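Asks: here's a sequence, model it:
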Amino acid sequence: MLTHFLIAFALAFFGYLPFGTVNMVVLNTAITRALRPAVFMALGAALVEIFYTYLAITLNQWVGRELVNNIYIDVTALIILLVVGLYFWFSSPQQKKKPQSPQRSWGFFSTGLAFGIINPQSLPFITLGLLYTISQGWVFLSEFSNCLGLMLGVSVGRFLSLLLYAQAGQWLSSQLARFTQWTNKITGGILLSLGGYQAFRVLAEVW
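Replies: Residues are numbered from 1 along each chain as shown. Presented below is the predicted three-dimensional model:
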C-alpha cells in the first residue's frame, strides 16, 4: 500500500504543478482573500481526486477513451471557464482581508469541490497515468489496500500541489498588495484564454 501511495503521490504532485484552472483559482483566492480560504478550496478540489481515482481504477481504459473527447464535458468546461474568467476580469480588489467565518470557509471548500469536479483534465490524466504505471509493472490492482493507497496518494499529492499555489499567492499578496487588480486581470485573462482554446476544441468536434 505504501509503495502505491508514494507512486500516486509523485504522479499527482508533479503532474498537477503546471498552471491549470484550479491552480489559478486557488492562487488568486490566496492573493485577493487570504490563505485560509485558499487552503479550504484546495482541500475540496483534492478530495474529488479520490473519486476520480476510483473511477480510473474501476473503469480503466474506457473512462479515458470516452471522456478525453466527450463533447458534453468540453462544453461544460467551456462555460465554466468563460464565466469564472469574466468574474475575475471584472472583480474589484478587496479593501481589507477580514477573518473568514466557518460558514464562509466551507463555502470556499464547496467551490473547490465544484472546480475539482468540472476540471476536464483531471480524470483523463489520472486514467492515463494509472495505465502507464500498470504497464510498467509499478502498480497492481489485485488488492484493495493497493487501490486505497492510490486514491489517497493522488488526493494528497493534488492537495500539496495546490497548497504550493496558495502559499505562492500569499507571498505575492504581501509583495504586491497594491496590484491586486492586475492579478485579477491576469487570472481572468488566462482563464478566458483557456476558454477560447476550449471553444476551439468544441467547434472542432462539432464540425
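
Asks: hey, which helix is longest across the chain?
Replies: The residue-count maximum for a helix in the chain (DSSP state H) belongs to helix 144-175.

Asks: report the central residue of the chain.
Replies: In the chain, the centroid-proximal residue (CA atoms, centre = their mean) is residue 22; its distance is 3.7 Å.

Asks: distance-wise, check it relative to residue 13.
Replies: 14 Å (CB to CB, to the nearest Å). Quick note: C-beta positions are derived from backbone N, CA and C, even for glycine.

Asks: now do residue 161
Replies: According to CB to CB, residue 161 stands 5 Å off from residue 13.

Asks: quick one, which of the two is more surrounded?
Replies: Set side by side, residue 161 and residue 13 show more neighbours around residue 161, with 22 against 19, by other CB atoms under 10 Å.

Asks: quick one: the nearest residue to residue 15 once chain neighbours are set aside from residue 154, how far?
Replies: Among residues not flanking residue 15 along the chain, residue 125 sits closest, at 6.1 Å (CB to CB, 6 or more residues apart in numbering). According to CB to CB, residue 125 stands 10 Å off from residue 154.

Asks: just want to know which of those two has more residues nearby.
Replies: A side-by-side neighbour count of residue 125 and residue 154, using other CB under 10 Å, places residue 154 first with 31 against 22.

Asks: correct me, but that one touches residue 13?
Replies: No. With contacts counted by CB atoms under 8 Å, residue 154 stays clear of residue 13, the gap being 9.2 Å.

Asks: circling back to that earlier point, which strand or helix spans the residue nearest to residue 15?
Replies: Per DSSP states H and E, residue 125 falls inside helix 122-135.

Asks: appreciated, that's everything.
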